[in-house]
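Visitor: dropping the sequence and predicted coords here.
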Amino acid sequence: MGSSGFPVICLLHSVIAVTCGAMMMFYTKEISSFSHGKEIASRLQGSTPHDELLIQISNSFSGLLLFVIGFLLFMVAFVKDSKFQSFFAKGCVLLHLSLAVWRVYFQMNLADLAADLPRQVVGDTVLALSWVLFLFYSWREKYD
């Protein structure tokens with residue numbers, strides 16, 4: 001039997017991923033303006049119509065991928081096998097920490113995105129920490 005915290009964390013991450021993915025697909029310009037400011041958002045959208053179209057398609061596919069990940073997290077939330085839950089949580093920790101490291105190395109070099117770097121790295125670390133807390137709680141539950 002699995003831990004009761006696993007579905008909660010999966011569903012929370014699922015809601016975050018589905019919401020962010022849908023917003024990326026349908027409200028790309030608005031989200032970019034809100035998060036980066038109007039000036040930086042206009043620079044991030046490209047300088048030619050061809051660039052604008054490629055960036056818009058890329059953002060839409062990224063949003064679709066995030067939406068699908070959220071849907072998969074929703075399905076995984078109902079798996080009851082504790083070994084799978086532990087394996088999945090460890091993979092999520094690795095994924096979130098890898099994303100934080102990637103952001104540091106990639107976004108630090110882009111002046112337009114560097115201002116958002118601390119906020120995004122903290123967000124990735126908090127998401128990883130939620131899985132670490134689940135692992136700690138399930139380990140404690142197992143050995144108590």
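Guide: Good, I have the coordinates.

Visitor: okay, Asp112: pLDDT?
Guide: Confidence at Asp112, expressed as pLDDT, is 68.

Visitor: same question for Leu65.
Guide: Note for Leu65: predicted pLDDT of 93.

Visitor: any idea which element it lies in?
Guide: Following DSSP states H and E, the helix or strand that holds Leu65 is helix 49-76.

Visitor: and Tyr105, by the same measure?
Guide: Using DSSP H and E, Tyr105 falls in helix 82-107.

Visitor: what inclination does that helix have with respect to helix 49-76?
Guide: In terms of direction (axes from the mean of the first three to the mean of the last three CA atoms, to 10 degrees), helix 82-107 departs from helix 49-76 by 160 degrees.

Visitor: and helix 82-107, what's buried?
Guide: Residues Gln85, Ser86, Phe88, Ala89, Cys92, Val93, His96, Leu97, Leu99, Ala100, Arg103, Gln107 are the ones in helix 82-107 that count as buried (16 or more other CB atoms under 10 Å). Heads up, the C-betas are built off the backbone N, CA and C, glycines and all.

Visitor: which helices and strands sit right next to it?
Guide: helix 5-26, helix 117-143 (3 or more CB pairs under 8 Å, 6 or more residues apart in numbering; DSSP states H and E).

Visitor: contacting residues for the residue nearest to Ser35 when sequence neighbours are not counted?
Guide: Nearest non-adjacent residue to Ser35, counting by CB to CB, 6 or more residues apart in numbering: Asp116, 6.6 Å away. Counting by CB atoms under 8 Å, 6 or more residues apart in numbering, Asp116 makes contact with Ser35, His36, Gln107.

Visitor: so what pLDDT did Gln1 get?
Guide: Quick fix: residue 1 is Met, not Gln. Predicted confidence (pLDDT) at Met1: the value is 52.

Visitor: brain fart, Lys90
Guide: Per-residue pLDDT puts Lys90 at 95.

Visitor: relative to Ala22, how far out is Ile16?
Guide: According to CB to CB, to the nearest Å, Ile16 and Ala22 sit 11 Å apart.

Visitor: could you do Ala128 as well?
Guide: Taken as CB to CB, the span from Ala128 to Ala22 is 23 Å.

Visitor: show me which of the two is the more surrounded one.
Guide: Ala128 (20 against 15; other CB atoms under 10 Å).
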